[in-house]
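1. I'll drop the sequence and a predicted model, then ask my questions.
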Amino acid sequence: MRQKKFLVYVAIQALVLVCVAFIFKLNLEVKLASVEAGSLFVAIPLALGIVEWKQSGFFRMSFYIGLLQFWIFFALPILGLRLFNWDAPFSELSILGVPGTVLHQYANYSYILMMALTLWNYLRRR
């Protein structure tokens with residue numbers, strides 16, 4: 001039996017992308033928009049992980065790996081870069097020698113991986 005909740009999770013993750021696009025389109029202040037978007041990118045994987053953990057525990061490890069790889073390596077660091085370096089342009093920021101722009105580029109692939117692993121958990125049978 002397929003678990004439809006993972007299809008809902010993928011839909012939520014896709015909706016976040018739509019919301020982020022609107023945040024940047026409607027907000028004139030790019031720094032503020034980046035914090036709002038970053039907050040979504042931090043909150044949603046955390047919320048999905050907590051919901052899944054409360055419902056089923058850690059049964060689907062690939063789902064958590066998808067969430068955590070994005071959350072730990074990209075969502076938190078990118079949001080932290082922006083918050084702790086408010087006055088600096090994002091293009092001038094880096095973490096451990098990795099420029100913020102490169103981190104952001106790889107975050108896109110990481111988010112797709114997170115969505116793919118979530119979809120995988122929907123497609124595979126229990």
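-> Cool, the structure landed.
2. who touches the helix or strand of the chain with the lowest mean pLDDT?
-> Of all helical and strand segments in the chain, the minimum by mean pLDDT, DSSP states H and E falls on strand 94-95, at a mean of 92. Strand 94-95 is contacted by residues 77, 81, 100, 103 when judged by C-beta atoms under 8 Å, 6 or more residues apart in numbering. All C-beta atoms are positioned from the backbone trio N, CA, C, and that covers glycine.
3. low-confidence ranges in the chain?
-> Confidence mapping of the chain against pLDDT under 70 gives the ranges 1-2, 126.
4. could you dump the contacts of strand 94-95 to a markdown table with distance to residue 60, neighbour count and secondary structure?
-> Converted to a markdown table, these look like this (distance: C-beta to C-beta, whole Å; neighbours: other C-beta atoms under 10 Å; DSSP: H, G, I helix; E, B strand; the rest coil):
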| residue | distance to residue 60 | neighbour count | secondary structure |
| --- | --- | --- | --- |
| 77 | 25 | 19 | helix |
| 81 | 31 | 19 | helix |
| 100 | 32 | 20 | helix |
| 103 | 27 | 20 | helix |
